[in-house]
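[1] Dropping a prediction and its sequence here:
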Amino acid sequence: QVPLVESGGGSVQAGGSLRLSCAASGYTHCTYDMSWYRQVPGKEREFVSSIDVDGSTNYADSVKGRFTISQDNAKNTVWLQMNSLKPEDTAMYYCKTDKVCGLVFESWGQGTQVTVST
């Protein structure tokens, strides 16, 4: 397991913004490919966004144009800037490693709650 610490969740009104962060530790000499997922009770966890060590990004259609993923390889940290939030963005958000040191290695964070009210 790669320890992942997420932060930045909270409650915000629709149209507002939040910035989530995820810091990886344990393999400080490695680079990380990382993703964000989210889950609401009773539903499957869904992909939100991902970023490779070369900076290539992917987004779910539901968040394109509103969310931006970024990373600092030196700090082994990834951020998810969430703008124009909607009530349907309400979920537990999880950070996940896809690759560590270029090898497939999946590890999940504990999650951070995002609640968007009308």
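    That came in fine, so what should we check first?
[2] pull the longest strand from this protein.
    When the chain is parsed with DSSP state E, its longest strand is strand 91-100.
[3] on contacts alone, who are the packing partners of that strand?
    strand 4-7, strand 18-24, strand 32-39, strand 103-108, strand 112-117 (3 or more Cβ pairs under 8 Å, 6 or more residues apart in numbering; DSSP states H and E). Using the backbone N, CA and C atoms, a C-beta is placed for each residue, glycine as well.
[4] again, only this time at 6 Å
    Counting contacts by 3 or more Cβ pairs under 6 Å, 6 or more residues apart in numbering; DSSP states H and E, strand 91-100 packs against strand 32-39, strand 103-108, strand 112-117.
[5] Looking at the ones you listed, spot the one closest to Ala74.
    In terms of Cβ to Cβ, the element of these nearest to Ala74 is strand 32-39, at 11.4 Å.
[6] how many degrees apart are the closest one and strand 91-100 in direction?
    Here strand 32-39 runs at an angle of 160 degrees relative to strand 91-100 (axes from the mean of the first three to the mean of the last three Cα atoms, to 10 degrees).
[7] List the beta-bridge partners for the residue nearest to the spatial centre of the chain.
    Nearest to the mean C-alpha position of the chain, counting by Cα atoms, centre = their mean, stands Trp36 at 3.0 Å. Applying DSSP bridges to Trp36 gives these bridge partners: Ser49, Cys95.
[8] residues touching it, list them.
    48-49, 80 (Cβ atoms under 6 Å, 6 or more residues apart in numbering).
[9] And for Val114?
    Neighbouring residues of Val114 by Cβ under 6 Å, 6+ apart: 9, 93.
[10] hmm, 8 Å instead?
    Val114 is in contact with 9-10, 12, 18, 20, 38, 82, 85, 89-93, counting by Cβ atoms under 8 Å, 6 or more residues apart in numbering.
[11] Show the buried residues in those.
    Using 16 or more other Cβ atoms under 10 Å as the burial test, these include 9, 12, 18, 20, 38, 82, 85, 89-93 as buried.
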